[in-house]
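> Pasted the sequence and its predicted model underneath.
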Amino acid sequence: MTLRAASDFAQLSTEIKRAGLLDRRRGYYLARMGANLAVYAAAWAAFVLLGDSWWQLAVAAVLAVVTTQLAFIGHDAGHKQIFATRRWNEIAGYVHSGLIGVSYDWWNGKHNRHHANPNHEDEDPDVDITVLAFTQRQGEAKRGPLRWIASHQAVLFFPLLLLEGFALHVHSIKHAGRERLLMIANVVVYLGVVFWVLSPVHAIAFVLVHQGLWGFYMGCSFAPNHKGMPVLSAGHALDFLRKQVLTSRNIRGGWFTDLLLGGLNYQIEHHLFPSMPRPHLRHAQVIVSRFCRERGISYAECGLFRSYGYVLEHLHEVSAPLRASAAPTATPS
């Protein structure tokens, strides 16, 4: 079984390499980075020109979108998808992470642990979130206010995503290491510029809209990929191919979905071949889905909104024992 499983992935890898899908696409990424940075600069120029106005909330919304697109580039750089050398990928990663105020080293280390053991209850940091429970064991370990939040996590899931941007800044400063001064400088300069141009009320509203929508967009981009898929525990016998495929979910859609989700909609192919350039993922999807179908390996794929339904259904089901234990017990008359 082990030899056959290893042979399966070797065969798939050979087919992917022969199709040239692991070759770099520097032109694509340079164009994408140039467009992102141009919109980012234009948004901040509009911010300065508009001055103290409620129209700044529209600028904040635009910045939330482009900040997420910058984060997608940082993600790709962390996987060495952009350039052939580690040095240039790291330069791209540090630049984009510095612009959005997220530690490249911290996030990349956490994300690589996720890739090594996706949806593993004990080893995947993405299923070890303080305010959520992805298994009943995690739910039973919650105490106090966290237990109440976990018991209502399906209802609170999307509102909680509005806090994700703020949490990323806090974790980056806390765990940044050599990047800590850069992360602190990002926050200081950002708040300094916002409060210099805007009155306090407008400034606070701008920060809440920008950071809240950015966190929401980020959360909505990453959440469909694994949440609601099987959660693994110690001692599972899955090989690399099946571990990555069975715990991941693809999102159907065309070019707009690819742009909206930064290629994360091809989560299965991305997990199997993390260094594959983003524009090649849709071509790999044809090969991988057919390969899995021929070998009877379940290949999860659905629409974007249905994926959120799966996420909420899973969170609601996991938290059912917490709600049951909190329900008042009827006393005999």
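That came through, no problem.
> and Val197, how many neighbours?
Other residues within reach of Val197, judged by other C-beta atoms under 10 Å, total 18. No exception for glycine: its C-beta is placed from N, CA and C like everyone else's.
> For Asp52, see how far away it is.
From Val197 across to Asp52, the span is 7 Å (C-beta to C-beta, to the nearest Å).
> Please name the residues that touch the residue nearest the centre of the chain.
The residue lying closest to the centre of the chain (C-alpha atoms, centre = their mean) is Phe222, at 3.3 Å. By C-beta atoms under 8 Å, 6 or more residues apart in numbering, the contact list for Phe222 reads Asp126, Leu264.
> one more time with 10 Å
If you count contacts by C-beta atoms under 10 Å, 6 or more residues apart in numbering, Phe222 has them with Ala71, His75, His111, His114, Asp126, Leu161, Glu164, Leu261, Gly262, Leu264, Gln267.
> so when I look at it, I'm seeing a helix, right?
Yes - counting by DSSP: H, G, I helix; E, B strand; the rest coil, Phe222 falls inside a helix.
> Quick check, pLDDT for it.
We note a pLDDT of 93 for Phe222 in this prediction.
> pretty sure Leu260 contacts Thr68?
Yes - assessed by C-beta atoms under 10 Å, Leu260 is found in contact with Thr68 at 9.4 Å.
> okay, the two: which has more neighbours?
Neighbours per residue (other C-beta under 10 Å) separate Leu260 from Thr68, with Thr68 holding more: 23 against 18.
> Leaving out chain neighbours, which residue sits closest to that one?
Tyr217 (4.5 Å; C-beta to C-beta, 6 or more residues apart in numbering).
> So what's the residue count around the one you found?
Using other C-beta under 10 Å, Tyr217 has 22 neighbouring residues.
> For it, give its distance to Arg86.
Applying C-beta to C-beta to Tyr217 and Arg86 gives a distance of 29 Å.
> again, but for Leu198
Counting by C-beta to C-beta, the separation of Leu198 from Arg86 is 41 Å.
> list the buried ones in the helix or strand encompassing the residue nearest to Thr68?
Per DSSP states H and E, Tyr217 falls inside helix 200-222. Of all the residues in helix 200-222, those buried under the rule 16 or more other C-beta atoms under 10 Å are 202-203, 205-207, 209-222.
> Please look at His75 and Leu261 and confirm they touch.
No - look at His75 against Leu261 with C-beta under 10 Å: they stay out of range, at 11.1 Å.
> Can you check the pLDDT for the spatially closest residue to Ser289 that is not a sequence neighbour?
Of all residues not flanking Ser289 in the chain, Tyr299 sits nearest, at 5.4 Å (C-beta to C-beta, 6+ apart). Listed pLDDT for Tyr299 reads 97.
> Sounds good, over and out.
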